[in-house]
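> model the structure of this input:
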Amino acid sequence: MVPGSRTRARYLTRYKSAIREHSSIPQLVDHIKVWFETWSASSHSFEDGWAPETDQARKHAVSALHKDLKRVCDIIARESVTVHRYRPDTKRTGEAGRQLALLATYVPPGHLRPEGPRHDNDDANILQISVEPSQAELVCIHEPYLPANVPAAPHHLRTDSMERLLDIQFRLLREELLLVILHSLQF
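The predicted structure follows:
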């Protein structure tokens, strides 16, 4: 795995505003995708000084890098659609525009979600959420409820409550833990 690739993917996962604030990220990822395709399709030996011991090691390295790149591309695609969908035609800047974007993308947890819970471990009350992911949660196609850690962001709990802060921290730390576990299982 390329050093720091997990950090970059985590950055894009954690900071949804990264694409809004750095509009060159999608173009950079497109370039990286082309570079990677060229590099991985090159001859059976790497020309950058790294030489795998076996062809199987090379295939594994390329496969792992491909998975990381696909994850980053999926994040960029998903967030780019969100940015373009909710970017107003008039120039709204500052906190009001950010709040509008957060409100437009807000989907509450558990039974508060209009379509119902995403899976059997999706609940509005964090006391009802198992730290260990359920099978249904692992195969769920819906994005998990990850509240923004911004004071004015929409949330199902009161802005000035300690419960809200605990809810946000629990959900974000749990998601980070799950990502670390899932990445470690890939190797």
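
> so where does residue 116 fall, helix or strand?
Residue 116 belongs to no helix or strand when assigned by DSSP states H and E.

> what residues are up against it?
For residue 116, the contact set (CB atoms under 8 Å, 6 or more residues apart in numbering) is empty. Quick note: C-beta positions are derived from backbone N, CA and C, even for glycine.

> state the distance from it to residue 143.
15 Å (CB to CB, to the nearest Å).

> residue 67 touches residue 183, doesn't it?
No: judged on CB atoms under 8 Å, residue 67 makes no contact with residue 183 at a distance of 9.3 Å.

> isn't residue 147 up against residue 166?
No: contact criterion CB under 8 Å: residue 147 and residue 166 do not qualify, at 11.3 Å.

> what about the two, which has more around it?
More neighbours surround residue 147 than the other of residue 147 and residue 166, with 21 against 13 (other CB atoms under 10 Å).

> phi and psi next, for the more buried one.
Reported as degrees, to the nearest 10, the phi and psi values for residue 147 are phi -70, psi 150.

> and if you look at residue 152?
Dihedral angles (degrees, to the nearest 10) for residue 152: phi -90, psi 0.

> identify each buried residue in stretch 113-121, please.
Across stretch 113-121, burial judged by 16 or more other CB atoms under 10 Å covers 113, 117-119, 121.

> tell me which helix or strand of this structure sits lowest on mean pLDDT?
helix 5-14 (a mean of 57; mean pLDDT, DSSP states H and E).

> tell me which other helices or strands the next helix or strand after that helix touches.
Next helix or strand after helix 5-14 toward the C-terminus (DSSP H and E): helix 18-21. Secondary-structure packing of helix 18-21 (3 or more CB pairs under 8 Å, 6 or more residues apart in numbering; DSSP states H and E): helix 5-14, helix 25-40, helix 55-86.

> domain ranges for this structure, per the record?
Following automatic domain parsing, one gets these domains for the chain: 1-105, 108-187.

> what's the least confident stretch among those domains?
Ranked by mean pLDDT, those bottom out at domain 1-105, which scores a mean of 69.

> what number of residues lie near residue 168?
Neighbours around residue 168, by other CB under 10 Å: 19.

> swap in the one 3 residues further on?
Counted by other CB under 10 Å, the residues lying close to residue 171 total 18.

> same check, this time on residue 100
Neighbours of residue 100 (other CB under 10 Å): 14.

> thanks a lot, catch you later.
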